[in-house]
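**Student:** here is the input, now give the coordinates:
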Amino acid sequence: MAPATTPRPAREVLVDADGTVRGASRTVAALPVGIAPYVVGFLTTRHRHVSFLWRVDERSWVTVRLERQPSVDGRVEAARVRWTPTELPEGLTAREIDVLTLVCLGLTNQQVASRLGTSARTVSTQVERLLTKLEQSGRAGLAALTVESELLRLPIPGGVGLESGLAIVDVQRAVSQPSEERRPARRTPARLAPLHIGSVLPLTGPAWADGLEAQRGAELAVAQINARGGIGGRLVEQVVVPADFFDAQQVVSAFRTLIDLEVDAIITSYANSEVPDVLDLVADFGQPFLHNATFEEQVERVRNDRERFGMVFQTCPSEIHYGLGAIRLFDELTAGGQWRPRTRSIVAVEVDLDSGHTATPAFFAAAERSGWTVSDVVTVPFHDADWAAVVSRINLSDPAAVMVTHFVPQALAEFQRAFRLAGNDALVYGVYGPSIPHFADEAREAAEGMLWSTVTGTYDDEFGRAFRRDFERLHGTPAGWSQAGGAYDQVNLLSTAWSSTGTPSAPEVLSFLRSTVYRGVNGVYYLGGSGQAALSYPDVTPDPSLGQAHMVFQVQDGTSRLLGPAPYGDVTAFRAPPGARRRPA
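**Tutor:** The predicted structure is shown next:
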């Protein structure tokens, strides 16, 4: 869907970086009123083109396209400005265009309300009306349609905050700066140009809650770095490209977008876990790529060909440690007398994704050494698992414990509700999903007593608590226990590398990342091994000063309490889940 244009012809002028309109018969008045500063601001950005809506008066709008190109004399850059009278589609109002623009920037209803000076309830009603008018099922669809149909407007309603990633944001930010700070792109010294961190995040699709955590964690790091003056006088800007991580075409397109923008580095949570082809894209690109895909297969790929994949760093340990961690936990609980299992049987429930395979030979061997029997391995589809049927199958084995590796918060919450509804009292050991706050919203009281772990989690120490305080102060909501801290650390890792080397040049930055030991809120990052992945403590290294703790929590009274590993947690704090039966002493 695109704005319906009138038969009136488009108009076009060429504008130099100093605001001079080219052409003997042209005058500044030929431009739409008020747009000249935005043309000049556009030329201070690195974008080749940008399109947006511009309101001429109470009734009239134009669609504007700015394109960067050499001017007639070939010495300075200019912008070709083309504008066409247009009508808003589907009877949209100016306020609805405001809301659409801010929704597309990733703002919540409360944030939109703050920008527009209204209430979150009013914004919610407006969003629902937009969904109906534009025939979309969710905010992601609205955002995609807004960009595709060129319905983003300038000026951005309420100005800009920390959001980034779209050309109109950079243009608005350029215009909002004091005039003496604006310079044509070619006249700005390279040392003052911003450093751009590209982020591919699942702000749409089933992992949207993970993406929101990562986006907010990175935003906090960027805000803190810039508040300190940036890096050598250069600000850091995050360029966010959303993608459904389980749609290969979207993921590949997102990476190509960032590569085309020539960002200085790319970070992601786990976009590459199910779309391994992107590793070839980043290898050809050559800039640092930091990810939390938790996927040993890709670590092995780096290990086997570091000459090609030397820019790929997994900033967390791999998924192969989850099963070993479960056995270690069960042994600690039984050895300490906190848990007396009625059987020595374990059931593993795995999601049918390559990166979700944790019932490995090493897991079976560890179970056998400790006297456990893995009585069944149940594989469930990523989408629409029949959890009632899964629970019925689990009950046939009557296990003492169940390890569930479906990592999407809502899916894991659905399993936990079905499990508790069936009255099963086995211990549940979940993987990662409860680290995202959305899990608690979905599972509610069914989560009580559940165990869960993450190979990259935010430490509950003073460093981690300070991060969580700053996160809540900035975003108005508590951080989860994994992705927020992970993205925060990724940005700070890059910041440290750029500051220490004095350059964003890939060879120097990559060498620094391989040779340094960095302490983040999610633990210690030593990426100098052959696979360039963080070490797991205590699974890989017995030295907590070199690894990230494989953290185990239990949901107690609605919150997650850290049980281990020592010295970070206390396994004696374990509580038997509600209704759990104990073998007589």
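
**Student:** number of nearby residues for the residue nearest to residue 296 when sequence neighbours are not counted?
**Tutor:** Once flanking residues are discounted, residue 296 sits nearest to residue 318: 3.7 Å by CB to CB, 6 or more residues apart in numbering. To be clear about C-beta, it is placed using only N, CA and C from the backbone, and glycine gets the same treatment. Neighbourhood size, residue 318 [other CB atoms under 10 Å]: 23.

**Student:** roughly how far apart are residue 318 and residue 280?
**Tutor:** As judged by CB to CB, to the nearest Å, residue 318 and residue 280 stand 20 Å apart.

**Student:** hang on, the residue nearest to residue 296 in a strand?
**Tutor:** No. Counting by DSSP: H, G, I helix; E, B strand; the rest coil, residue 318 is not part of a strand but coil.

**Student:** make residue 1 into 29 and carry on from there
**Tutor:** With 29 as the first residue, the last one maps to residue 346.

**Student:** my guess is it meets residue 327, correct?
**Tutor:** Yes. Using CB atoms under 8 Å, residue 346 is in contact with residue 327, at 5.7 Å.

**Student:** who touches both of the two?
**Tutor:** Here residue 346 and residue 327 share the contacting residues residue 561, scored by CB atoms under 8 Å, 6 or more residues apart in numbering.

**Student:** output the below-cut-off pLDDT ranges for the stretch 129-278 of the chain.
**Tutor:** Applying pLDDT under 70 to the stretch 129-278 of the chain picks out residues 190-193, 205-220.

**Student:** which residues touch stretch 402-410?
**Tutor:** Contact with stretch 402-410 is made by 234, 274, 373-381, 384, 387, 391-392, 395, 414-415, 418, 421-422, 424-425, 427, 434, 436, 439, as judged by CB under 8 Å, 6+ apart.

**Student:** follow-up on the earlier one: OK, contacts around the residue nearest to residue 324?
**Tutor:** Applying CB under 8 Å, 6+ apart to residue 346 gives the contacts 322-324, 327, 483, 561, 564.

**Student:** so which of these wins on neighbours?
**Tutor:** With neighbours taken as other CB under 10 Å, the top of the contacts of residue 346 is residue 322, carrying 30 neighbours.

**Student:** quick check, it in a helix?
**Tutor:** No. Assignment of residue 322 by three-state DSSP gives coil, placing it outside any helix.

**Student:** quick one: residue 276 and residue 300 touch, right?
**Tutor:** No. Contact between residue 276 and residue 300 fails when scored by CB under 8 Å: they sit 10.8 Å apart.

**Student:** ok, those two, which is more surrounded?
**Tutor:** Ranked by neighbour count (other CB under 10 Å), residue 276 and residue 300 place residue 300 first, with 27 against 15.

**Student:** okay, the more buried one: pLDDT?
**Tutor:** pLDDT, residue 300: 92.

**Student:** thought residue 306 was touching it, still the case?
**Tutor:** Yes. Between residue 300 and residue 306 there is a contact under CB under 8 Å: 5.0 Å.

**Student:** anything in contact with each of these two?
**Tutor:** residue 279.

**Student:** now do stretch 558-572: distance from first to last residue.
**Tutor:** End-to-end span of stretch 558-572 (CA to CA, to the nearest Å): 20 Å.

**Student:** name the residues of it that are buried.
**Tutor:** Across stretch 558-572, burial judged by 16 or more other CB atoms under 10 Å covers 559-569, 572.

**Student:** ok, the residues you listed vs residue 518, which is closest?
**Tutor:** Distance to residue 518 across the buried residues of stretch 558-572 (CB to CB) is lowest for residue 562, with 11.1 Å.

**Student:** my guess is the closest one contacts residue 578. True?
**Tutor:** No. At 11.0 Å, residue 562 does not count as touching residue 578 under the criterion of CB under 8 Å.

**Student:** how many neighbouring residues does residue 504 have?
**Tutor:** Residue 504, neighbours per other CB under 10 Å, totals 11.

**Student:** show me the contacts for it.
**Tutor:** So residue 504 contacts residue 138 (CB under 8 Å, 6+ apart).

**Student:** okay, the residue nearest to residue 324 and residue 357: tell me how far apart.
**Tutor:** Residue 346 sits 18 Å away from residue 357, going by CB to CB.

**Student:** got the residue ranges for the strands in the stretch 429-578 of the chain?
**Tutor:** 429-432, 455-459, 479-482, 545-548, 551-554, 564-565, 576-577 (DSSP state E, counting those that start in this stretch).

**Student:** can you tell me the strand partners of the helix or strand following the last one and which way each runs?
**Tutor:** The one in question is strand 576-577. Using DSSP states H and E, the next helix or strand after strand 576-577 towards the C-terminus is strand 579-584. With DSSP bridges as the test, strand 579-584 is paired with strand 479-482 (antiparallel), strand 587-592 (antiparallel).
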